[in-house]
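Asks: Structure for the following, please:
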Amino acid sequence: MKVGQKVVCINDECGWLDGEKKLVKGEIYTILWANGKDVVVIQNDAGWDKSRFRPLDTEWAEEVLRNIAESELVCV
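Replies: I've put the predicted structure just below:
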């Protein structure tokens, strides 16, 4: 996982910090900071174990956009 990458929270159990719910399962976050084990996804927040997140899969959308662009080039 790297800074700027979009991820989805898959585990919000014990996702509380200072008595406030921080992580929400299914919510999309952007990685602000990362090291080998932890990622920060909320400004001014503690790091969370990266196992709580999975990368957001955007490859399918990128392929659709490529196909549209290619078809427009052919039709023009």
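Asks: avg pLDDT for stretch 46-62?
Replies: Computed over stretch 46-62, the mean pLDDT rounds to 88.
Asks: chain center to it: distance?
Replies: Distance of stretch 46-62 from its chain centroid, counting by Cα atoms, centre = their mean, to the nearest Å, is 4 Å.
Asks: Name the residues that touch it?
Replies: Here stretch 46-62 makes contact (Cβ atoms under 8 Å, 6 or more residues apart in numbering) with 1, 5-12, 15, 17, 23, 28-29, 33-35, 37-41. For glycine as for every other residue, the C-beta is placed from the backbone atoms N, C-alpha and C.
Asks: buried subset of those residues?
Replies: Neighbour-count burial (16 or more other Cβ atoms under 10 Å) is assigned, among the contacts of stretch 46-62, to 5, 7, 9, 12, 15, 23, 29, 34, 39-41.
Asks: Give the next helix or strand downstream of the helix or strand of the chain with the lowest mean pLDDT.
Replies: The weakest-scoring helix or strand in the chain, judged by mean pLDDT, DSSP states H and E, is strand 16-17 (a mean of 64). Counting by DSSP states H and E, the element after strand 16-17 in chain order, helix or strand, is strand 20-21.
Asks: can you give me the strands for this structure?
Replies: 6-9, 16-17, 20-21, 28-30, 33-34, 38-40, 48-49, 53-55 (DSSP state E).
Asks: partner strands of the third one, parallel or antiparallel?
Replies: In this case it means strand 20-21. Here strand 20-21 is paired, per DSSP bridges, with strand 16-17 (antiparallel).
Asks: And for the fourth one?
Replies: Paired neighbours of strand 28-30 in the sheet (DSSP bridges): strand 6-9 (antiparallel).
Asks: again, but for the fifth one
Replies: Strand 33-34 pairs in its sheet with strand 38-40 (antiparallel), by DSSP bridges.
Asks: pLDDT added to the buried ones among the contacts of stretch 46-62, as TSV?
Replies: What follows is the buried ones among the contacts of stretch 46-62, written out as TSV (pLDDT from 0 to 100):
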residue	pLDDT
Gln5	93
Val7	95
Cys9	95
Asp12	88
Gly15	64
Leu23	87
Tyr29	94
Ala34	94
Val39	94
Val40	94
Val41	93
